[in-house]
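# Provided below are the primary sequence and the corresponding predicted coordinates.
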Amino acid sequence: MLRDIIRSKELEVKELMRKRPLSTLKDDITVLDEPVSFQAALGGGKVSLICEYKRASPSMGRISERGLEEMMEVYRDLADAVSIVTDGKYFKGSQDLLARATDYGKPLLMKDFLVDEYQIYQARASGASSVLLITGIFPDLESGIQKCRELSMEPLVECHTSLDVFRALEAGAEIIGVNNRDLETFEVDLERTHALAPLIPDELILVSESGVRGPEDAEILAGYGADALLIGTAPMSAQNPRELLEEILDAVSQCRERRRRYTGDEFFEQFA
């Protein structure tokens with residue numbers, strides 16, 4: 001499935017570049033205001049929430065029929081930042097959803113499978129504050145991070161293994177995500193955050209992605225050292241999303257004991 005998604009995305013981006021050339025995106029960006037800071041919204045001594053608008057996924061099919069406006073009203077009150085899934089073929093998302101979400105004044109993450117620098121410009125032109133760069137999928141991680149910063153964005157760099165973390169640190173990532181979901185099998189294991197959190201220096205932001213079904217899972221991940229939690233399926237499918245997020249916030253508000261993490265030098269010494 002992952003290989004199919006990447007092949008499909010590469011073809012999609014080529015077609016987008018034909019219809020809307022990069023030069024047009026660059027012109028569009030010049031008249032936009034600076035995006036709300038994604039990085040500043042996270043951490044700060046508490047466990048932050050990045051709440052996601054995701055209508056479907058390959059593993060679950062259709063997740064929710066809730067409209068963007070309904071969920072953004074909840075996220076505006078309770079989330080520190082919002083992730084908008086923009087892939088259309090597999091997740092039923094769109095760039096239009098991202099652009100509409102800018103009306104709510106929250107820092108926005110464009111969540112997609114980025115395979116080309118063009119998509120970074122596309123995100124900025126749609127009002128994003130950040131993009132997801134997946135280690136091992138985006139072709140040049142260091143270049144992608146620098147391009148984001150040139151466009152006043154700070155990317156979330158997603159990792160799945162200790163080698164991914166090494167690559168992310170070497171590329172200069174400052175917000176590192178640990179995805180608890182295996183992209184090949186779609187299985188979720190919260191212990192992935194447990195295993196990789198100690199490798200991420202304290203001064204960086206650790207985002208634990210996927211697998212939070214309720215306050216118990218959120219409390220576990222906060223105890224593992226997560227600075228922020230990316231939560232999508234649970235609020236989208238909950239009978240009362242606001243109540244669920246309030247319970248999650250209450251669960252993590254008292255849980256801020258972080259596991260010791262390596263300093264950057266200590267981590268790199270392991271590979272010397």
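Noted; the coordinates are in hand. Since this is a predicted model, take the numbers as computed values, not measurements.
# using CSV, write out every CA atom in stretch 121-129.
Output in CSV follows, covering the C-alpha atoms of stretch 121-129 (Å, rounded to 0.1, in the frame of the first residue of the first chain):
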residue,chain,number,x,y,z
TYR,A,121,5.4,25.7,-1.9
GLN,A,122,1.9,24.3,-2.3
ALA,A,123,1.4,24.1,1.4
ARG,A,124,2.6,27.7,2.0
ALA,A,125,0.4,29.0,-0.8
SER,A,126,-2.6,27.3,0.9
GLY,A,127,-1.8,28.9,4.3
ALA,A,128,0.1,26.2,6.1
SER,A,129,2.5,26.8,9.0
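# report the distance from that stretch to the chain centre.
On the basis of Cα atoms, centre = their mean, to the nearest Å, stretch 121-129 sits 14 Å off its chain's mean C-alpha point.
# go on, stretch 80-96?
Mean-position distance between stretch 80-96 and its chain equals 11 Å (Cα atoms, centre = their mean).
# now do stretch 15-35
22 Å.
# show me where the stretch 1-150 of the chain has strands.
For the stretch 1-150 of the chain, applying DSSP state E, counting those that start in this stretch gives strands covering 48-53, 56-57, 61-62, 81-85, 108-111, 130-134.
# now those in JSON lines, with mean neighbour count?
Using the backbone N, CA and C atoms, a C-beta is placed for each residue, glycine as well. Shown next, in JSON lines, are the strands of the stretch 1-150 of the chain (neighbours: other Cβ atoms under 10 Å):
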{"stretch": "strand 48-53", "mean neighbour count": "26"}
{"stretch": "strand 56-57", "mean neighbour count": "18"}
{"stretch": "strand 61-62", "mean neighbour count": "9"}
{"stretch": "strand 81-85", "mean neighbour count": "27"}
{"stretch": "strand 108-111", "mean neighbour count": "28"}
{"stretch": "strand 130-134", "mean neighbour count": "26"}
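# quick one, grab the pLDDT at the nearest residue to residue 130 once chain neighbours are set aside.
Among residues not flanking residue 130 along the chain, residue 38 sits closest, at 3.8 Å (Cβ to Cβ, 6 or more residues apart in numbering). We have a pLDDT of 97 for residue 38.
# any idea how far residue 133 is from residue 38?
Taking Cβ to Cβ, to the nearest Å as the measure, residue 38 falls 13 Å from residue 133.
# common neighbours of these two, please.
Counting by Cβ atoms under 8 Å, 6 or more residues apart in numbering, the contacts common to residue 38 and residue 133 are residue 156.
# is it fair to say residue 235 lies in a helix?
Yes. Assessed with DSSP: H, G, I helix; E, B strand; the rest coil, residue 235 lies in a helix.
# correct me if wrong: it contacts residue 247.
No. Look at residue 235 against residue 247 with Cβ atoms under 8 Å: they stay out of range, at 10.9 Å.
# can you give me the neighbour number for the closest residue to residue 146 other than its chain neighbours?
Nearest non-adjacent residue to residue 146, counting by Cβ to Cβ, 6+ apart: residue 172, 7.7 Å away. By the measure other Cβ atoms under 10 Å, the count of residues near residue 172 is 12.
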